[in-house]
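> just coords:
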């Protein structure tokens, strides 16, 4: 399967919630870009729920996408909470949108593609002032890729996030299903057609469930097949809907 044009510059990867596949999707995009000969960096502004010396999301990106991907983590908090809450409880400093934008902009001078992976959803608080990943995206003037779950409830959260993006005059790059079930139920199949409508964003990929458990070599080989040309892959939304919707 051939690959399409790759995004360039900074892309913010957000989600409609937690544990929906943001890190695996980020890794897949990074792997596709590296395979095409692009230099890639992944920035994690705030890692929560991980203690000192433990592997976080950036380590998982390096494992899946390869050691050639540059990774940077700005802040780490031990409790699995929103970054602002986790920082307050731990007594550690928060990270604000200006710091995120500065770090991403610097990485962009040295790499073809910079992926900024958020924590939880778009409007999760990062600091005491209530700033969010959306504020960092606005400073960077970067498009936002939204990772969504497949099943029941995803339409509402995708619609709300789409509205939040438009209200802030941010560009929604598209949607990727973070974990497409091996045996999708009726809601998941119907959601494929409805997600672009309710969010006003195109469907740009679907990553099979448990892809993060693949051996790294197998993951890198398969990754372009999960992503649309806009993300550097050969995946077709039309063909996918024809199979499943």
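Here it is on my side, so go on. The model shown is predicted, which means the values in this text are computed figures rather than measured ones.

> The closest residue in space to residue 93 that isn't next to it in sequence and residue 176, how far apart?
In this structure, residue 93 finds its nearest non-sequential neighbour in residue 87, 6.7 Å apart by CB to CB, 6 or more residues apart in numbering. For the C-beta atoms, the positions are set from N, CA and C on the backbone; glycine is no exception. From residue 87 across to residue 176, the span is 29 Å (CB to CB, to the nearest Å).

> again with residue 219
Residue 219 sits 15 Å away from residue 176, taking CB to CB as the criterion.

> likewise residue 44?
Distance, residue 44 to residue 176, using CB to CB: 18 Å.

> one step back: with neighbour numbers in mind, choose between residue 219 and residue 176.
Using other CB atoms under 10 Å, the more surrounded residue of residue 219 and residue 176 is residue 176, with 30 against 21.

> All the helices of the protein, in order from the start?
Applying DSSP state H to the chain gives helices spanning 22-35, 57-65, 83-90, 97-108, 133-140, 154-167, 186-199, 216-222, 237-244.

> Please identify the most buried of those helices.
Ranked by mean neighbour count, those are led by helix 22-35 with a mean of 27 (mean count of other CB atoms under 10 Å).

> so how far is that one from its chain's centroid?
Distance, stretch centre to chain centre, for helix 22-35: 9 Å (CA atoms, centre = their mean, to the nearest Å).

> sorry, back to before: nearest to residue 49, out of the helices of the chain?
Closest approach to residue 49 among the helices of the chain (CB to CB): helix 83-90, 7.9 Å.

> Okay, angle between that closest one and helix 133-140 too, please.
Put simply, helix 83-90 runs at 110 degrees to helix 133-140, going by axes from the mean of the first three to the mean of the last three CA atoms, to 10 degrees.

> ok, now which ones touch the residue with the largest distance to the centre of the chain?
Most distant residue from the mean C-alpha position of the chain: residue 91, 27.7 Å away (CA atoms, centre = their mean). For residue 91, no contacting residues are found, by CB atoms under 8 Å, 6 or more residues apart in numbering.

> now swap in residue 140 and tell me
In this structure, residue 140 makes contact with 10, 12, 100-101, 104-105, 116, judged by CB under 8 Å, 6+ apart.

> Go again with 7 Å.
Residue 140 makes contact with 10, 101, 104-105, according to CB atoms under 7 Å, 6 or more residues apart in numbering.

> how much space between the residue nearest to residue 93 and residue 66?
31 Å.

> Next: residue 58.
Distance, residue 58 to residue 66, by CB to CB: 13 Å.

> picking that back up, for the residue nearest to residue 93, give its distance to residue 76.
To residue 76, residue 87 is 10 Å away according to CB to CB.

> Could you do residue 52 as well?
Applying CB to CB, the value for residue 52 to residue 76 is 7 Å.

> the more surrounded of these two?
Between residue 52 and residue 76, residue 76 has the larger neighbour count (other CB under 10 Å), namely 22 against 6.

> contacting residues for the nearest residue to the more buried one once chain neighbours are set aside?
Distances taken as CB to CB, 6+ apart place residue 47 nearest to residue 76, at 4.7 Å, with adjacent residues excluded. Contacts of residue 47 were listed using CB under 7 Å, 6+ apart, and they are 56-57, 73, 76.

> just those residues now: which is nearest residue 199?
Nearest member of those to residue 199, counting by CB to CB, is residue 57, at 24.0 Å.

> what pairs with residue 180 across the strands?
Beta-bridge partners for residue 180, by DSSP bridges, are residue 208.

> Please name the bridge partners of residue 14.
Here residue 14, judged by DSSP bridges, has bridge partners residue 146.

> Begin at 3, not 1, for the rest of this chat.
Understood, numbering begins at 3; the last thing we discussed is residue 16.
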